[in-house]
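Enquirer: Here is my input; please provide its structure:
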Amino acid sequence: MTQNTVPGTLSEDIARAVAGLPDVAFLKPDLAGRLRSALSRAEPAAAASSAGVRLTGPANGTGSWHVEIQLVARGRARTVDVARAARRAAEEHLAAALPEQTAKARVTVTVTGLV
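Expert: Numbers count the residues shown, from 1 in each chain. Take a look at the predicted model:
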C-alpha cells in the first residue's frame, strides 16, 4: 500500500484520536492548512480536521510509514506524558488501519507549546 492508496481519513482519524486526549489543548495547524482555509470557501472544519498530523507512506512500497504530530498541551500535565499518550493513540490507529505494516511505522510527537 502506498501513500496515494491510503484512505484520506486515516490522518483525520489520527488527528481526532490525538485531539480527544484529555491533556491535548489542540493540534497545531500548519501554514498550508491556514492558507487553504483562508483562501478556500470549503467548510473550515474539513480543511483543519487533520491539522497537526502529517502522514507519509513508504516509497514504492518499501520503507516505513511516518506520522508527525504537532500539538499544544495543557499546562497542568507533564509534557512527556502528553507526548507518550499522543504517540500511543496514533500507533493504535495505525495498527488497526494497517496491521501488516505497523512494525515499520514511526510516530514523532512534538509539543510546540503549553496553555
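Enquirer: Can you pull out the low-pLDDT segments for this structure?
Expert: Counting by pLDDT under 70, the chain shows low-confidence ranges at 1-8, 30-49, 61, 102-103.
Enquirer: Now do the strands in this protein.
Expert: Using DSSP state E, the strands found in the chain span residues 24-27, 53-56, 66-73, 106-114.
Enquirer: So which bits of the third one are buried?
Expert: Just to be clear, that refers to strand 66-73. 67, 68, 69, 70, 71, 72, 73 (16 or more other CB atoms under 10 Å). Bear in mind the C-beta positions are built from the backbone N, C-alpha and C, glycine included.
Enquirer: on that earlier part again, can you say which of the strands of the chain is nearest to residue 83?
Expert: strand 106-114 (4.4 Å; CB to CB).
Enquirer: Check which strands are paired with that closest one and give the direction for each one.
Expert: Paired strands of strand 106-114, with direction, are strand 66-73 (parallel) (DSSP bridges).
Enquirer: right, so of the strands of the chain, which gets closest to residue 14?
Expert: strand 53-56 (5.2 Å).
Enquirer: Could you give me the buried positions within that closest one?
Expert: Within strand 53-56, the residues that qualify as buried are 53, 55, counting by 16+ other CB under 10 Å.
Enquirer: What helices and strands are in contact with it?
Expert: Here strand 53-56 touches helix 9-19, strand 66-73, going by 3 or more CB pairs under 8 Å, 6 or more residues apart in numbering; DSSP states H and E.
Enquirer: The residue nearest in space to the middle of the chain pairs with what?
Expert: Note on the chain: the residue nearest the mean C-alpha position is residue 53, at 2.8 Å, using CA atoms, centre = their mean. Assessed by DSSP bridges, residue 53 has beta-bridge partners residue 69.
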